[in-house]
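S.K.: what shape does this take:
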Amino acid sequence: MFEYKTKFYFKNGLKIKLEADFLRYYYWHILKSHHSTLGLGLPMHGAHVSITLPAYHGDAVEVSKKYSGEDVSVFYSGDIIKGGSYFTNFWMPMDIPKADDIKTELGIVEKKFLGFHLTICNDKSFINSSNEEARKLTEKLNKGNLTIDEHRKLMLKLKL
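M.R.: Residues are numbered from 1 along each chain as shown. Alright, predicted model coming up:
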């Protein structure tokens, strides 16, 4: 495990900022390890790990603002995971004990939380595609109220 020391900051939720070079270093490895044929882009909001977000944590987000500026240690192994339900996504799991403590203190319990992570790069090019059919299919997929069979058919149609 490696340790990265940084600070919490608050912008539309409590987050942890990492240096852009940290992100670029792992992005370079992904491109060099045979993924250069994908249209991978860096995250729109830079190198960060979200701790609290308005869409998921409601009133707790405003309370989490008090941690902005505090020191925090982030632990990571360097392992990169490839996944994504409707686009290709490369991310790195992050262990952040202080963030776990904050969520516990704020009473945040998440049933589907897969752990803190840093998104390194992704391919969402088809989402903003000029291809109207791809955009409509993506909108349907994002609504999340599809049957398993409908979901499978859409994934096949989008070639994911």
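S.K.: every contact and neighbour count from this point should use C-alpha atoms.
M.R.: OK.
S.K.: now the residue positioned nearest the centre of the chain: how far from residue 62?
M.R.: What sits nearest the mean C-alpha location of the chain, by C-alpha atoms, centre = their mean, is residue 119, with 4.5 Å. Note on residue 119: its distance to residue 62, by C-alpha to C-alpha, to the nearest Å, is 24 Å.
S.K.: swap in residue 13?
M.R.: Counting by C-alpha to C-alpha - residue 13 and residue 62 are separated by 8 Å.
S.K.: quick one: buried residues of the helix or strand that contains residue 63?
M.R.: According to DSSP states H and E, residue 63 maps onto helix 60-64. Under the neighbour-count criterion of 16 or more other C-alpha atoms under 10 Å, helix 60-64 has 60, 61, 62, 64 buried.
S.K.: could you do stretch 111-125 as well?
M.R.: By 16+ other C-alpha under 10 Å, the buried positions in stretch 111-125 come out as 116, 117, 118, 119, 120, 121, 122, 123.
S.K.: and for stretch 27-44?
M.R.: Quick answer for stretch 27-44 (16+ other C-alpha under 10 Å): 27, 30, 40, 42, 43.
S.K.: one more: stretch 46-58?
M.R.: For stretch 46-58, by 16+ other C-alpha under 10 Å, it's 46, 47, 48, 49, 50, 51, 52, 53, 57.
S.K.: of those residues, which is the nearest to residue 90?
M.R.: Closest approach to residue 90 among those (C-alpha to C-alpha): residue 47, at 12.8 Å.
S.K.: quick check: residue 112 vs residue 56, distance?
M.R.: Separation of residue 112 from residue 56 (C-alpha to C-alpha): 11 Å.
S.K.: this protein: strands as residue ranges?
M.R.: For the chain, the strands defined by DSSP state E occupy 2-10, 14-17, 48-50, 71-76, 81-83, 88-93, 117-123.
S.K.: do you know which of those lies nearest residue 101?
M.R.: strand 71-76 (11.5 Å).
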